[in-house]
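K.L.:
Fold the following.
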Amino acid sequence: MRKLWLIFGIFNALLLFSSCSNGQKSGIKNLSFSEFQAGMNNPDVVVLDARTPEEVEAGYIEGATLFLDYNESGFEEKIANLDKSKTYYVYCKSGGRSGNTCILMKKNGLKSVNLEDGIIGWKGKIVRKG
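P.N.:
Residues are numbered from 1 along each chain as shown. Take a look at the predicted model:
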């Protein structure tokens with residue numbers, strides 16, 4: 001019985017540790033859909049889509065104006081050259097690439113926030129190309 005409680009305790013500790021998001025560990029800010037959408041109207045905010053061109057082609061969040069493929073060579077250089085006076089609202093498909101983009105932005109002195117759950121959690125308008 002004691003062994004069972006020990007296993008249960010270890011399992012819960014691992015579950016708690018694994019539930020910490022990338023943003024919580026790195027100090028980036030994750031916003032819910034409603035928080036992200038509300039902040040997009042600020043003129044000092046740039047909405048950055050960090051997905052591939054193929055993903056963008058399928059549809060992007062209305063209001064996105066900057067499209068940088070996280071997987072493209074030169075991505076880090078493009079991030080480093082962005083306007084430091086702006087705040088970047090970053091999203092991808094599920095929040096992973098955009099979270100890593102926010103970490104990179106923070107290292108480069110940029111202000112950014114990550115859309116929690118990415119475009120798959122988006123409840124607003126999606127613009128379709130073509």
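K.L.:
residues contacting residue 91?
P.N.:
If you count contacts by C-beta atoms under 8 Å, 6 or more residues apart in numbering, residue 91 has them with 36, 47-50, 61, 64, 98, 114-115, 118-119, 122. Where you see a C-beta, it was placed from the backbone N, CA and C, and this is true even at glycine.
K.L.:
what about the helices in this structure?
P.N.:
In the chain, the segments counted as helices under DSSP state H are 2-18, 22-26, 33-39, 53-58, 75-80, 96-107.
K.L.:
Need the residues that contact the fifth one.
P.N.:
Going back to what we said before, that points to helix 75-80. In contact with helix 75-80 (C-beta under 8 Å, 6+ apart) are residues 68-69, 101, 104-105, 108, 110.
K.L.:
Closest to residue 30 out of the residues you listed?
P.N.:
Nearest to residue 30, judged by C-beta to C-beta, of the contacts of helix 75-80 is residue 101 at 12.6 Å.
K.L.:
burial count for that closest one?
P.N.:
Residues contacting residue 101 under the criterion other C-beta atoms under 10 Å number 25.
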